[in-house]
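Chemist: below: sequence and its predicted model.
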Amino acid sequence: MARRTNTSELVLGLAISALGVFIGVAAQSINSPQVWGPALVPRIVAGGLVLLGALTAIAAWRTPRPADGAPPENDWPSFLYVLAAPIVFGAIASPLGFPLAGTAMFALVARGFGSRRPLLDVAIGLVLAGSAYLVFAKGLGLALPAGTLFMMMR
C-alpha cells in the first residue's frame, strides 16, 4: 500500500524553510564589524525558520493521511483565537502599552492552543510581557509603547 503524505503540510514546511533561506541570504548583506551586530537576529530567525520548516515537512512526510484520504477537520474557533491575537495586540498596544497588549496576545494564543485556564494564562502572559518590556525598554533602551493610559497617570 502506498503512503499518502499530507501534501499541504509538506508544502507549508518547505515554504517555511524557503522563507528562512531567503531571510538568511538577505541577512548576509548586513555589514557590521561587530559579531553581535545587527545581522545576528535575522540570522537566528532564519536558522529557526529553516529548522522548523524542515521539522514540519518531515512530520508531514512521516504522518500518513487517514485511510479515506480526507483531510483532518479544521478547528475554526482555535484558529480564530490565534488569528485575533496579533490584531488585538496591534489595536491595544498604543493605548494600553506593551505589557498589557502582550498579556492579551499570550492569553488569546494560549486559548487557541487549548488552554482552559484564563487567569493562569493572563498571569503567565503578564510575567512574560512585563519581563520583555523591562529587558528591552528599560535595560536596552528600545522604544516600546508604555501606553497612553499609563503616561497620563505620571
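Modeler: Yep, that arrived.

Chemist: distance of the nearest residue to S32 once chain neighbours are set aside from L126?
Modeler: Nearest non-adjacent residue to S32, counting by CB to CB, 6 or more residues apart in numbering: P38, 5.5 Å away. Using the backbone N, CA and C atoms, a C-beta is placed for each residue, glycine as well. Distance of P38 to L126, given as CB to CB, to the nearest Å: 30 Å.

Chemist: between these two, which is the more surrounded one?
Modeler: Per other CB atoms under 10 Å, whichever of P38 and L126 has more neighbours is L126, with 17 against 11.

Chemist: assign that one to helix, strand or coil.
Modeler: Secondary structure for L126, judged by DSSP: H, G, I helix; E, B strand; the rest coil, is helix.

Chemist: what's the answer for R116, then?
Modeler: The three-state label given to R116 by three-state DSSP is coil.

Chemist: quick one, helices of the chain?
Modeler: Ranges of helices in the chain, per DSSP state H, are 7-27, 40-62, 76-96, 98-112, 118-133, 148-152.

Chemist: give me whichever of those is most buried.
Modeler: Among the helices of the chain, helix 98-112 has the highest mean neighbour count (mean count of other CB atoms under 10 Å), at a mean of 22.

Chemist: so how far is stretch 126-134 off the chain centroid?
Modeler: Chain-centre distance of stretch 126-134: 16 Å, with CA atoms, centre = their mean, to the nearest Å.

Chemist: just the pLDDT for G13.
Modeler: With respect to pLDDT, G13 has a value of 89.

Chemist: tell me the spacing between it and Y81.
Modeler: According to CB to CB, G13 stands 23 Å off from Y81.

Chemist: repeat for V45
Modeler: 24 Å.

Chemist: and what of P145?
Modeler: Between P145 and Y81 the distance is 23 Å, computed by CB to CB.
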